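Peer 1: What follows is a protein structure lacking sequence information:
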């Protein structure tokens with residue numbers, strides 16, 4: 001989006017995907033890159049059966065997730081010592097700077113809407129390869 005243009009309302013149809021640093025493919029949605037947003041990001045994520053992200057955190061940015069279908073396991077904490085399962089119809093909050101690793105352990109895809117306070121999304125992603133081996137899937 002041209003930074004000099006006047007902000008306006010926009011419709012985004014998730015169609016194109018991009019590969020995130022986290023190791024998953026995201027459907028493009030609301031972001032600085034697509035609509036010129038200044039303080040929010042919102043995308044659609046489908047994790048295939050058996051898929052998982054790399055351990056990571058979002059530096060200085062909060063994340064809110066709404067699970068549309070299926071369920072996802074998420075390990076979180078300094079050593080990924082905590083575990084939750086987020087089911088369809090549930091919301092999940094991840095504070096800024098909290099390491100986490102989501103995975104789909106089912107035989108069907110799971111789909112979620114993800115919103116963050118980082119309009120550039122990938123800029124705040126910090127990979128934590130030293131934590132990847134702590135979760136056996």
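Peer 2: That came through fine. Worth saying up front: this structure is predicted, and the values here are computed from it rather than measured.

Peer 1: Identify the neighbouring strands of the worst-scoring helix or strand of the chain on mean pLDDT in the sheet and state each direction.
Peer 2: Lowest mean confidence among the helices and strands of the chain (mean pLDDT, DSSP states H and E): strand 17-19, at a mean of 82. Strand 17-19 has the following sheet partners, assigned by DSSP bridges: strand 25-30 (antiparallel).

Peer 1: which parts of the partner strand are buried?
Peer 2: The neighbour-count check on strand 25-30 (16 or more other Cβ atoms under 10 Å) flags 26-30 as buried. In short, each C-beta sits where N, CA and C put it, glycine included.

Peer 1: How about residues contacting that strand?
Peer 2: Here strand 25-30 makes contact (Cβ atoms under 8 Å, 6 or more residues apart in numbering) with 12, 14-20, 34, 37, 40-46, 114.

Peer 1: in which helix or strand would I find the residue nearest to the spatial centre of the chain?
Peer 2: The chain has residue 114 as the residue nearest its centroid, 5.4 Å off, counting by Cα atoms, centre = their mean. Secondary structure from DSSP states H and E places residue 114 in strand 110-116.

Peer 1: for whichever helix or strand comes after that strand, packing partners?
Peer 2: Downstream of strand 110-116, the first helix or strand assigned by DSSP H and E is strand 125-127. Strand 125-127 is packed against strand 56-58, with contacts defined by 3 or more Cβ pairs under 8 Å, 6 or more residues apart in numbering; DSSP states H and E.
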